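Participant: Provide a 3D model corresponding to the input given below.
(6 chains)
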Protein chains: 4
Amino acid sequence: MGRGSHLADETKTPRTERGRKTLRKLLDAAAVEFGEKGFHEASISSITQAAGVALGTFYTYYDSKDAIFRALVRDMSESVKVTARDGIAGIADPLEIERAALQAFLRFAGEHKEIYRIIDEAEFVDPESYRSHYETVAERIAERLAAGGRAGAFRAGLGETEAWALMGMNVFLGLRYAIWAREGDPAPDEVAGAANAMLARGISRPR
Amino acid sequence: MGRGSHLADETKTPRTERGRKTLRKLLDAAAVEFGEKGFHEASISSITQAAGVALGTFYTYYDSKDAIFRALVRDMSESVKVTARDGIAGIADPLEIERAALQAFLRFAGEHKEIYRIIDEAEFVDPESYRSHYETVAERIAERLAAGGRAGAFRAGLGETEAWALMGMNVFLGLRYAIWAREGDPAPDEVAGAANAMLARGISRPR
Amino acid sequence: MGRGSHLADETKTPRTERGRKTLRKLLDAAAVEFGEKGFHEASISSITQAAGVALGTFYTYYDSKDAIFRALVRDMSESVKVTARDGIAGIADPLEIERAALQAFLRFAGEHKEIYRIIDEAEFVDPESYRSHYETVAERIAERLAAGGRAGAFRAGLGETEAWALMGMNVFLGLRYAIWAREGDPAPDEVAGAANAMLARGISRPR
Amino acid sequence: MGRGSHLADETKTPRTERGRKTLRKLLDAAAVEFGEKGFHEASISSITQAAGVALGTFYTYYDSKDAIFRALVRDMSESVKVTARDGIAGIADPLEIERAALQAFLRFAGEHKEIYRIIDEAEFVDPESYRSHYETVAERIAERLAAGGRAGAFRAGLGETEAWALMGMNVFLGLRYAIWAREGDPAPDEVAGAANAMLARGISRPR
DNA sequence: CATGAATGAGAGTTCATTCAT
DNA sequence: TATGAATGAACTCTCATTCAT
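Facilitator: Next up, the predicted model:
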């Protein structure tokens, strides 16, 4: 919450309906601009033009270019996590959960390359946002692995659960490139095969 | 070769000893500046100041800021590959090769964070360089996996060797963060443990 | 119209009164700077300083140094043509028209050396503007000669009307130097004498 | 002579055969570069590269970029005058002389556009050279007109001989554009027709 | 006489940010 | 709340000129 309120300070909350609309237009336009051009090539001017508002209007809502970028990363981080959560909702079997998570993630990544363009560029623009996102994601995976371990689904003593979570997360992340490379091909599910196999062998308890 | 000579065109080869020294000073300074500040925060002026030469001297050797960045990425890509090659030289057993490669890589990454800061930022500054580097690395790993498969050391029918190589590479890459996080701690070998275990389970042939 | 609107794109039209004033200050200052120092010696910085605005303000209105130069040439080309048109308004006799045109032109040139400094340097800075101006002027003269020919005032069959127009225009243009040489001397009308004589003999119908 | 020696100071006279060759290569290259790109676009570096010598060698022979430009204009001015002189050598009849001069000039201009590109740009680069050239040319024409007048070939009392010379010269100069416009067309003689007619009517004595 | 590396002032241009309306 | 003109520091890049070898 400490950080939450800190970041919130940078975004002025609109009090009118008109204001809310303007804020949304700005965020949407920024997502497109940052996603397509990257942080440095995108300019406040290009964002406001795309949003259809005047240049100065930007500063009614954000203190700086960095601020809107941070807000965007936070938003996207949230939507990534929501997608993951929804993708595994209602599933009980730990290994099945991992499979579903992988599938949901790959589908999402394939459809939202811009989101990852932005989150990943944050490593160089606002490292704190970047770290925050991926640390949270890794923690959630670690929690699932720990739960699976307790449930006896995964190898006893996965040992360094965090290390396994980190590795697992990066297996996921690396596969995005395979998916992006074959853009247009609508079947990321296929790619998931090898990853599932690796996961299964890597973490599941031998019967 | 084509690209090699193409890129080389951007760097003027000095004809005197003095020139060679200046070029080296520039490259070294650029590595430090880009590594510490990132591409956009570093300026030609800061680089030349760090190198102890006049601003204009930069343009005696490089056509642009982009050009020296590309040259740098290429150099670093080379040193990464050389390190990997050296780290596995003389080893015969395929699984042992992977273990050695992992260890060499982790040690190198721990000691040369700047190099990866630069190579990874290339994703946003000069995507071609970035792709070129990681594709080459993935290809080498794929070749080793294929060789290991033929030698009977790895599971018969790893299937999509490229997918496995990609995953393996990303497991490696992800672990860099674990190592960087505990900076000062001189034992990346420990981190390698979990990774080795995963690799072993993931790819090695069950006895 | 095509070109007109094309060029216009380079100049941002101000939406406020303040903006209009700034734009005018910039154009005026640019006219003085280019006129006195020439295109290459004049700098954006010197122009904005003379205009009393900040350096960056320039780029609110023009895309580049070339752009304002082109705009200036176009403006001046226009004022030259307007002067010529006004100078012959209401005159009916073709030969008299030429005399009046010559006189108006010489007076104008004597009073606005800077304008010609700029238009003429355009030959080397923006050849298209240069050509456009002088071609238009030559065409107007050719039209007058053709009309005079039809009216029987000029020699039957001036033949290559364009060639005669070109020569006539250049007789005019050359005389500017005579006028500029005797700067301060307020009587360009005297110089017009010889030119009138030449014109008369050259083109008018022998009685 | 005063000026002659002044300019000479800027060009170092080579003492060896090798030096003479280098000087010539520089002048030739400069003529091409200035002629094609104009003074400001051409650089010492481009000139020395075209000449096949090292950058520093330039300053062995010329004090500055301006200096070689001036030397070039002087050389070209000379060749223009020589061409005119040769073109009328041996002709006695004054009107015939003018016709021959016109023809020689037009042929020369058609074949040496670069020369005029350079001489004319001198108006903005080194006005003194420019003035010097065209004043000399105008003087020569004026001398011929005066001689023709004394010989009774031209109208008694051409009056302001200088004005007539100036006009005549500019008729010539303007016609260059007509010739350059139809580049490739090898018959400038045709263009000379109208000019000859104008000259004849303008200056020749009515029989 | 020739070389080519080194210099640094200066140019054009960009853009995040401010502010009066 | 919205506007868009104004700002000016900062940046990349050029190039005439110098000089040690």
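Participant: list the contacts for whatever residue of chain A ends up closest to DNA strand F?
Facilitator: Closest to DNA strand F within chain A is A:Gly56: 1.4 Å, counting by CB to the nearest atom of the strand. No exception for glycine: its C-beta is placed from N, CA and C like everyone else's. For A:Gly56, the contact set (CB atoms under 8 Å, 6 or more residues apart in numbering or on different chains) is empty.
Participant: check the secondary structure at it for me.
Facilitator: Under DSSP: H, G, I helix; E, B strand; the rest coil, the three-state class of A:Gly56 is helix.
Participant: for it, give its distance to B:Ala67.
Facilitator: 37 Å (CB to CB, to the nearest Å).
Participant: okay, and for chain A, where does confidence drop off?
Facilitator: A:1-9, A:156-159, A:184-190, A:206-207 (pLDDT under 70).
Participant: domain map for it?
Facilitator: A:2-63, A:72-203 (automatic domain parsing).
Participant: what's the most buried one of those?
Facilitator: domain A:72-203 (a mean of 18; mean count of other CB atoms under 10 Å in any protein chain shown).
Participant: and it, anywhere near DNA strand E?
Facilitator: No. Applying CB under 7 Å from any atom of the strand, one finds domain A:72-203 separated from DNA strand E by no less than 11.7 Å.
Participant: of the domains of chain A, which is nearest B:Arg201?
Facilitator: domain A:72-203 (5.0 Å; CB to CB).
Participant: do me a favour and get the end-to-end distance for that closest one?
Facilitator: End-to-end distance for domain A:72-203: 34 Å, by CA to CA, to the nearest Å.
Participant: where exactly do the helices run in chain A?
Facilitator: Assigned by DSSP state H, the helices in chain A fall at A:2-8, A:17-37, A:44-51, A:58-61, A:65-88, A:94-111, A:113-125, A:127-150, A:161-181, A:188-203.
Participant: format the ones you listed as TSV; extra columns: distance to B:Asp28.
Facilitator: Listed next are these as TSV, based on distance: least, CB to CB, whole Å:
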stretch	distance to B:Asp28
helix A:2-8	38
helix A:17-37	31
helix A:44-51	36
helix A:58-61	40
helix A:65-88	30
helix A:94-111	38
helix A:113-125	21
helix A:127-150	25
helix A:161-181	31
helix A:188-203	40
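Participant: between those, which gets nearest to C:Thr11?
Facilitator: helix A:44-51 (17.8 Å).
Participant: other residues contacting that closest one?
Facilitator: A:22, A:25-26, A:28-30, A:32-33, A:37, A:54-55, A:57-58, A:65, A:68.
Participant: now it against helix A:65-88, angle please.
Facilitator: Counting by axes from the mean of the first three to the mean of the last three CA atoms, to 10 degrees, helix A:44-51 lies at 50 degrees to helix A:65-88.
Participant: give me the distance between the residue in chain A positioned nearest to chain C and C:Asp75.
Facilitator: Residue nearest to chain C within chain A: A:Ala54 (10.5 Å; CB to the nearest CB). The gap separating A:Ala54 from C:Asp75 is 29 Å, by CB to CB.
Participant: got the contact list for A:Val32?
Facilitator: A:Ala50, A:Glu114.
Participant: A:Gly174 contacts B:Trp164, correct?
Facilitator: No. At 10.9 Å, A:Gly174 and B:Trp164 do not qualify as touching, with contact defined as CB atoms under 8 Å.
Participant: pull the residues that contact stretch A:103-117.
Facilitator: So stretch A:103-117 is contacted by A:31-32, A:34-36, A:38, A:76, A:79-80, A:83-84, A:86-88, A:172, A:175-176, A:179-180, A:188-189, A:191-192 (CB under 8 Å, 6+ apart).
Participant: where's A:His40 relative to B:Tyr59, distance?
Facilitator: Distance from A:His40 to B:Tyr59, by CB to CB: 22 Å.
Participant: next: A:Ala192.
Facilitator: Per CB to CB, A:Ala192 is found 50 Å from B:Tyr59.
Participant: equivalent analysis for A:Leu102, please.
Facilitator: A:Leu102 is 49 Å from B:Tyr59, by CB to CB.
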